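Trainee: here's my sequence, what's the structure:
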Amino acid sequence: MQRRSICLVLLICIIAGLSINTYSSEVIDPKHGNLDVDSKIVWYDAKLLGVEGKGWLDTGSDYDRLPLKAKEVVNEDVWELGHCSAGLQVCFASDAETLQVRWTLTDRNLAMPHMPATGVSGIDLYARDKTGKLRFCANGVPTDTSTTVSFTLPESNEYVLYLPLYNGVKRLEIGIPKATKLSRLDRPSVSRAMVVYGTSITQGACASRPGMAATSIVGRELDVPVINLGFSGSGKMEKELAELLSELDPAIYVLDCLWNMSPEWVSERVEPFINTLGEARPTTPILLVEDSNFKNIPSEKGDILREIYTKLKAQGDENLYLLSNTGMLGEDADGTVDGCHPNDLGMARQASAFIECLEPILKKQKLNKPDTGNGK
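Mentor: Residues are numbered from 1 along each chain as shown. Purely as a prediction, here's the structure:
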């Protein structure tokens, strides 16, 4: 039996007094898919559904995070890491009861010594429940550079597929039974997005799967799109990155780079970086984040960051905020894999700290900057 439509689910929730976040959808014409005659599965290129989490459309690959022009201005490490699909997701609706996903990776290295293949190169499927919350369904475990997995879908109509954190995607396809439908969702615009610029931790190290990266958790809990601009070992606040980020028009900028910066760089680069963003987006909030550690002690770099924050606030910057590292990873030292990179427990704790700080800022910003729609 086919699943109930979005409209029916919404009606039931209204009767029950529940709230639910659903989005209008557009059915993909089956002629755009490829029918496997033997299995009676229609395969659709995921590009037909759109890719959420991209700040720029003019990328070399549909699953790159940086625009083509960035190749000429950012350092080689940042450019290469921009091919990783961290934070990217495909959102869709379907009335199918089963679904297959086939993805091809750009790199044969499926895992890292301190991070499993499920996080580095795997995929995560989430479904929106009757209360509007996205819930984990299952993950796709990569077995080679090209992998096909099958999912039995829960009673839902709206899904989010999170892409690999530390690998790139060459091709992504979704397969559903011939008699069922696949729909593209009309998602919020970039004007509602949260841009997070940072280090390997922002990129997702060392979550066990993409949906457990702190940015993914925050996006789900606050129901906001997230543009993940984490670059492992390379979140160094160069002016070229400030200029690139200033092209975007998000609801908020989150700057979480201290782990990759020396005290001297913090002193020299943070304020000019903030000024570049502020000149381009004078009404957009900026959240500065201290470097997380389980000892809950501000580092030398954190002290310098606080001094810069205090100085700019005293000068009247009402759009600048600071998130302390205190309690970010908990009190028991169990939140990391190596004393630095969060494990799933650390990611959940870090996300909670971000959510508590971000929620009132985003509520205020939403009143001042309504969504323009169309996911652009």
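Trainee: going by C-alpha atoms from here, please, whenever you check contacts or count neighbours.
Mentor: Fine.
Trainee: give the closest residue to residue 353 in space, chain neighbours not counted.
Mentor: residue 328 (5.9 Å; Cα to Cα, 6 or more residues apart in numbering).
Trainee: low-confidence ranges, this structure, go.
Mentor: Residue ranges of the chain with pLDDT under 70: 1-23, 188-191, 367-376.
Trainee: show me the residue sitting in the middle of it in space.
Mentor: Centroid check for the chain by Cα atoms, centre = their mean gives residue 87 as the closest residue, at 3.0 Å.
Trainee: isn't that one right up against residue 217?
Mentor: No. Using Cα atoms under 8 Å, residue 87 is not in contact with residue 217, being 10.6 Å away.
Trainee: which residues touch residue 170?
Mentor: Counting by Cα atoms under 8 Å, 6 or more residues apart in numbering, residue 170 touches 61, 63, 103, 104, 105, 106.
Trainee: who's the fifth one bridged to?
Mentor: Yep, that's residue 105 we're talking about. For residue 105, the beta-bridge partners are residue 169 (DSSP bridges).
Trainee: number of nearby residues for it?
Mentor: For residue 105, the neighbour count with other Cα atoms under 10 Å is 23.
Trainee: tell me how far it lies from residue 173.
Mentor: 12 Å (Cα to Cα, to the nearest Å).
Trainee: between the contacts of residue 170, which is nearest residue 38?
Mentor: Residue 38 has its nearest neighbour among the contacts of residue 170 in residue 103, at 20.4 Å by Cα to Cα.
Trainee: quick check, that closest one in a strand?
Mentor: Yes. Assigned with DSSP: H, G, I helix; E, B strand; the rest coil, residue 103 falls within a strand.
Trainee: just checking, it touches residue 147?
Mentor: Yes. Using Cα under 8 Å, residue 103 is in contact with residue 147, at 5.7 Å.
Trainee: neighbour-wise, which of the two wins?
Mentor: Comparing residue 103 with residue 147 by other Cα under 10 Å, the one with more neighbours is residue 103, at 23 against 16.
Trainee: that one: what's it in contact with?
Mentor: 146, 147, 148, 169, 170, 171, 172, 173.
Trainee: excluding chain neighbours, what is closest to it?
Mentor: Using Cα to Cα, 6+ apart and skipping residues adjacent in sequence, the residue nearest residue 103 is residue 172, 4.4 Å away.
Trainee: give the burial count for that neighbour, as a bare number.
Mentor: Residues lying near residue 172 (other Cα under 10 Å) number 22.
Trainee: swap in residue 123?
Mentor: Residues within reach of residue 123, counting by other Cα under 10 Å, total 25.
Trainee: give the contact list for it.
Mentor: 139, 140, 141, 161, 162, 163, 164, 209, 210.
Trainee: switch the cut-off to 7 Å
Mentor: Contact analysis of residue 123 by Cα atoms under 7 Å, 6 or more residues apart in numbering lists 139, 140, 161, 162, 163, 164, 210.
Trainee: ok, and the most crowded of those?
Mentor: Counting neighbours by other Cα under 10 Å, residue 210 comes out on top of the contacts of residue 123 with 34 neighbours.
Trainee: can you pull out the helices in this protein?
Mentor: 6-15, 76-81, 117-120, 200-203, 214-222, 239-245, 263-280, 300-314, 344-368 (DSSP state H).
Trainee: mind putting those helices into a markdown table with distance to residue 156 and mean neighbour count?
Mentor: Below are the helices of the chain laid out as a markdown table (distance: least, Cα to Cα, whole Å; neighbours: other Cα atoms under 10 Å):
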| stretch | distance to residue 156 | mean neighbour count |
| --- | --- | --- |
| helix 6-15 | 8 | 14 |
| helix 76-81 | 34 | 18 |
| helix 117-120 | 24 | 27 |
| helix 200-203 | 29 | 26 |
| helix 214-222 | 16 | 22 |
| helix 239-245 | 36 | 18 |
| helix 263-280 | 40 | 16 |
| helix 300-314 | 44 | 16 |
| helix 344-368 | 25 | 18 |
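Trainee: now tabulate those in JSON lines and tack on distance to residue 57.
Mentor: Converted to JSON lines, the helices of the chain look like this (distance: least, Cα to Cα, whole Å):
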{"stretch": "helix 6-15", "distance to residue 57": "29"}
{"stretch": "helix 76-81", "distance to residue 57": "16"}
{"stretch": "helix 117-120", "distance to residue 57": "24"}
{"stretch": "helix 200-203", "distance to residue 57": "20"}
{"stretch": "helix 214-222", "distance to residue 57": "20"}
{"stretch": "helix 239-245", "distance to residue 57": "13"}
{"stretch": "helix 263-280", "distance to residue 57": "20"}
{"stretch": "helix 300-314", "distance to residue 57": "33"}
{"stretch": "helix 344-368", "distance to residue 57": "24"}
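Trainee: residue 184: which of the ones you listed is closest?
Mentor: Nearest of those to residue 184, taken as Cα to Cα: helix 6-15 at 12.9 Å.
Trainee: returning to that earlier point: next step: the contacts of residue 103 restricted to strands.
Mentor: 146, 147, 148, 169, 170, 171, 172, 173 (DSSP state E).
Trainee: domain parsing of the protein, as residue ranges.
Mentor: Domain assignment for the chain by automatic domain parsing gives 6-52+88-185, 190-368.
Trainee: out of the ones you listed, nearest to residue 81?
Mentor: By Cα to Cα (comparing all of those), the closest turns out to be domain 190-368, at 6.0 Å.
Trainee: quick one: the nearest residue to the residue nearest to the centre of the chain once chain neighbours are set aside from residue 340, how far?
Mentor: Once flanking residues are discounted, residue 87 sits nearest to residue 228: 5.1 Å by Cα to Cα, 6+ apart. Residue 228 is 19 Å from residue 340, where distance means Cα to Cα.
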